[in-house]
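# next one to model:
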Amino acid sequence: MAGEMTSIRDGLQTRLQTISGLNVLNHTPDSASVTPAASIAFDAYTPNKTFQGASTPGDRESRWIITVRLAGFIPEEQWEALDDYINPTGTNSIFAAIEGDITLGGNVDWAVISPDEEMEVTDREQRQDGWFYQMEFPVTVYVSGA
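Residues are numbered from 1 along each chain as shown. Okay, the predicted model is just below:
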């Protein structure tokens, strides 16, 4: 399974690297000094269940969190920059990056920004060196056993 998780993380990283100017990290940074940045974190793993709770052999679903971080001195500029990542289309869209290849380079059956979960700003604060914003995008990834 370690190989599959690495392939998924690498596939997500490759898709996010299609966004010009976005620093894409395959880990959560210790600080927010590099922005704009997106990090990729594994969140959960669930074998798919069928009738009466039996697992479909080999089918699995995982949840990942893409966290976008922005920092700067003018809060309005950071807020507006978030709009570009939130929009469903456009060259800086997280949605468009993932939907550009939902198979993540052929590593999975599909990956999608989770439609039943909220994207949310998880941090917005003024710091000594300016304003810091952080937004999370939950991603669901499915791999069939077939």
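# any idea which helix or strand in this structure has the lowest mean pLDDT?
In the chain, no helix or strand scores lower on mean pLDDT, DSSP states H and E than strand 120-127, which sits at a mean of 76.
# buried set for whichever helix or strand comes after that strand?
Going down the chain from strand 120-127, the next helix or strand is strand 130-143, by DSSP states H and E. Applying a neighbour-count criterion of 16 or more other Cβ atoms under 10 Å, one finds 131-141, 143 buried in strand 130-143. From N, CA and C alone the C-beta is placed, and that goes for glycine too.
# how about stretch 4-12?
Result for stretch 4-12 [16+ other Cβ under 10 Å]: buried residues 7-9, 11-12.
# the longest strand in the protein is where?
The residue-count maximum for a strand in the chain (DSSP state E) belongs to strand 55-72.
# middle-most residue in this structure, spatially?
Ile66 (2.4 Å; Cα atoms, centre = their mean).
# show me the contacts for Thr122.
Listed by Cβ atoms under 8 Å, 6 or more residues apart in numbering, the contact set of Thr122 reads 67, 134-136.
# that should have said Val143, apologies.
4, 59-62, 108-109 are the contacts of Val143 under Cβ under 8 Å, 6+ apart.
# and it, how far from Ile65?
18 Å (Cβ to Cβ, to the nearest Å).
# likewise for Asp129?
Taking Cβ to Cβ as the measure, Asp129 falls 25 Å from Ile65.
# the two - which one has more neighbours?
In terms of neighbours (other Cβ atoms under 10 Å), Ile65 is the more surrounded of Asp129 and Ile65; the figures are 18 against 11.
# can you tell me how far that one sits from Asp59?
Using Cβ to Cβ, Ile65 is found at 22 Å from Asp59.
# go on, Gln78?
Note on Gln78: its distance to Asp59, by Cβ to Cβ, is 40 Å.
# the two: who's more crowded?
Gln78 (20 against 17).
# so that one is in contact with Arg127, correct?
No: contact criterion Cβ atoms under 8 Å: Gln78 and Arg127 do not qualify, at 11.7 Å.
# what's across from Gly72 in the sheet?
In this entry, Gly72 is beta-bridged to Trp131, by DSSP bridges.
# that'll do, ta.
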